[in-house]
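In: need a 3D model of the sequence below.
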Amino acid sequence: MLLLWSCAKVGVPPGGPEDKTGPTILHHVPEADAINVPRKLTARLVFSEPVSRASVEAALFFAPEPGNRLRYAWHGNSLELEYLDSLAADRTYVISVGSSAKDQRGNPVGFTYTMAFSTGAQIDRGRLAGVIADESAAQAVAVWAYALSAGDTVDPALRSPEYRLQAARDGSFRFGYLAQGRYRVFAVQDRNFDGKWQPSTERVGIAPWDVTVTDTVDAWACFKLSRQDTAALRILGVREIDQTRYEVKLGAALDSAQVWQFTQANQLPVTAIAAVVDSGGTDTWQVFTGVPLEPGAWTIRTSDGRLQDTLTVRARPDTSRPRVRETIPLANRPARTLSPFQIEFSEPVLTADGFADSLLIISTKPETLRVVTDFKGSPTAGLTFVAEPPYVEGESYFLRVDGRLIHDVSGNQLADTTVEFRFSYYPADSLGSVAGEIANESGPFLIRLLHAQSRIAVLTERIVASTFRIDRLVPGKYVLEVISDRAPDNPGRFDYGSVYPMVFSEPFSESADTVTIRARWEYETTIPWSIHP
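Out: The predicted model follows:
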């Protein structure tokens, strides 16, 4: 009995509690900010626990970059870095261990650890800080600083930067030992850690300006990453889905929809009735002609003349049925605002006679509302349902759509013969608001509210004045982001800038703390627009 009792005891699992803490650096040689360091040097990093050596070596950054003139030697938890060449005289050297370095259980450091030393009597103290926004894994992004001279150009695909480090988990970064001067800064998703940008596979962030680094003032830069495909914007191919729908593959992403035209010899041009970006990315578009194209050779082009290609139409019959792509607001989920209910389809559709008369919107009171929108007319990729009396906050509604009365331009009925939707609106007393001002800067601005954890944008509003107020917000924690919306060619959207040719991005600023929204409460804040070149 004693043996059985002792075997049944509950205790701490062997090995102790699960390790969820990343490694730290207990000691390093040379010491922090050491001066007059010997020019023949072997540096040393001592970690608090066994580490993944491959992850540490991949996360090491050096300034200046020693290339292959550095020898690695591991001794337990200690890493020795032997400089094979003598160090330069009167020069500051920086060694950084990036935030992606891990222990043997996969726990990351989570922040960048930087040590600096000098072979002279002084050490460089230039500082550059900033933030990388909209990244769920910001610690996988490297920040590169290139020293500029008169007439200098920077190509991150060909030239290695003078300084590199990794961002922290929260997207922040800080250089602390830069030489004074002017720098061009990029944020790069450097997948292979080679210090060179690969345009075809790696996203890049362009700063809003070049920064001037001094020993007394912190320089600042902010980034949003995007795909900067260097391929020329051209049509790579056109594929006929059927005689009214064509898939257009482009060599680079197209930011906005174009007016597409199809022409054939001695025939009037056919203007597409809709162009929808494919779910696979903004470099593929579904273009709908609205009328069947005759077999033969055709030319497809955009109205601005930038894109043009030829295709052979075989007049394949359209047998695919349209489908419901999404609803606005989302079905079965409360909405913030009392906007009309909309259904977006996978292609332009028409409605048959009697469709509007067949619709009823029923509220939970219960009360039957009359739909007052006339759906007859030109083909459309979306239908809007307006009720009379109007929708009421806090109420839920039920809508049944007869799919037999919805068809595409070829006569194919909706895939579902009967589609039912439930949608609702939050009551006003369950929502909150945020109000404030943007200090030291004039508009226009784009204001974006993002979930604090997921960084997913909840809403985007454009304002002209430096004061703002946003009502009917769902309680929770958010990050408030303000973008200077001044790009003349891209109003209402963030301009990511360009590497080829070099165009700076639009600047933005975020709330210094988390914006907490509570029901029936107004949160007041001030956005300190302190970022500047």
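In: and the strands in the stretch 351-500 of the chain, which stretches?
Out: Counting by DSSP state E, counting those that start in this stretch, the stretch 351-500 of the chain has strands at residues 361-363, 367-371, 380-385, 387-388, 396-402, 406-408, 418-425, 432-439, 445-451, 457-463, 467-473, 476-484.
In: which one, of those, ends up nearest to Val291?
Out: With Cβ to Cβ as the measure, strand 406-408 is the member of those nearest Val291 (12.0 Å). Any C-beta I mention is one placed from the backbone N, CA and C, and that applies to glycine too.
In: which elements pack onto the closest one?
Out: Contact analysis of strand 406-408 by 3 or more Cβ pairs under 8 Å, 6 or more residues apart in numbering; DSSP states H and E lists strand 341-351 as its packing neighbours.
In: what's in contact with the strand it packs on?
Out: Applying Cβ atoms under 8 Å, 6 or more residues apart in numbering, the contact partners of strand 341-351 are 245, 273-274, 276, 286, 288, 290, 322-329, 361, 375-376, 379-385, 391, 397, 399, 401, 405-409, 414, 421, 423.
In: got a quick PyMOL command for the buried subset of those?
Out: To isolate the buried ones among these in PyMOL, judged by 16 or more other Cβ atoms under 10 Å, type:
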select buried, resi 245+273+274+276+286+288+290+322+324+327+329+361+375+379+380+381+383+385+391+397+399+401+405+406+407+408+409+414+421+423
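In: in contact with the spatially most central residue of the chain: list those residues for me.
Out: Nearest to the mean C-alpha position of the chain, by Cα atoms, centre = their mean, lies Asp134 at 4.8 Å. Counting by Cβ under 8 Å, 6+ apart, Asp134 makes contact with 224-225, 450, 455.
In: now for those residues: which two are most distant?
Out: Farthest-apart pair in the contacts of Asp134 is Leu225 and Leu450; separation 15.2 Å (Cβ to Cβ).
In: and stretch 298-318, how far apart are its ends?
Out: Distance across stretch 298-318, first residue to last, is 18 Å (Cα to Cα, to the nearest Å).
In: quick check: buried residues in it?
Out: Neighbour counts over stretch 298-318 (16+ other Cβ under 10 Å) mark 298, 300-302, 307, 311, 313, 318 as buried.
In: could you do stretch 460-467 as well?
Out: Along stretch 460-467, these residues count as buried under the neighbour rule (16+ other Cβ under 10 Å): 463, 466.
In: report the backbone C-alpha coordinates of it in PDB.
Out: Listed next in PDB are the C-alpha coordinates belonging to stretch 460-467 (Å, rounded to 0.1, in the frame of the first residue of the first chain):
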ATOM      1  CA  THR A 460      -9.600  54.700 -41.700                       C
ATOM      2  CA  GLU A 461     -10.800  58.300 -41.900                       C
ATOM      3  CA  ARG A 462      -9.400  61.300 -43.800                       C
ATOM      4  CA  ILE A 463      -9.400  64.700 -42.000                       C
ATOM      5  CA  VAL A 464      -8.200  68.100 -43.000                       C
ATOM      6  CA  ALA A 465      -7.900  69.800 -39.600                       C
ATOM      7  CA  SER A 466      -5.600  68.800 -36.800                       C
ATOM      8  CA  THR A 467      -8.400  68.000 -34.500                       C
END
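In: so how far is it from its chain's centroid?
Out: 21 Å (Cα atoms, centre = their mean, to the nearest Å).
In: over to stretch 475-493?
Out: When C-alpha coordinates are averaged (Cα atoms, centre = their mean), stretch 475-493 and its chain have centres 13 Å apart.
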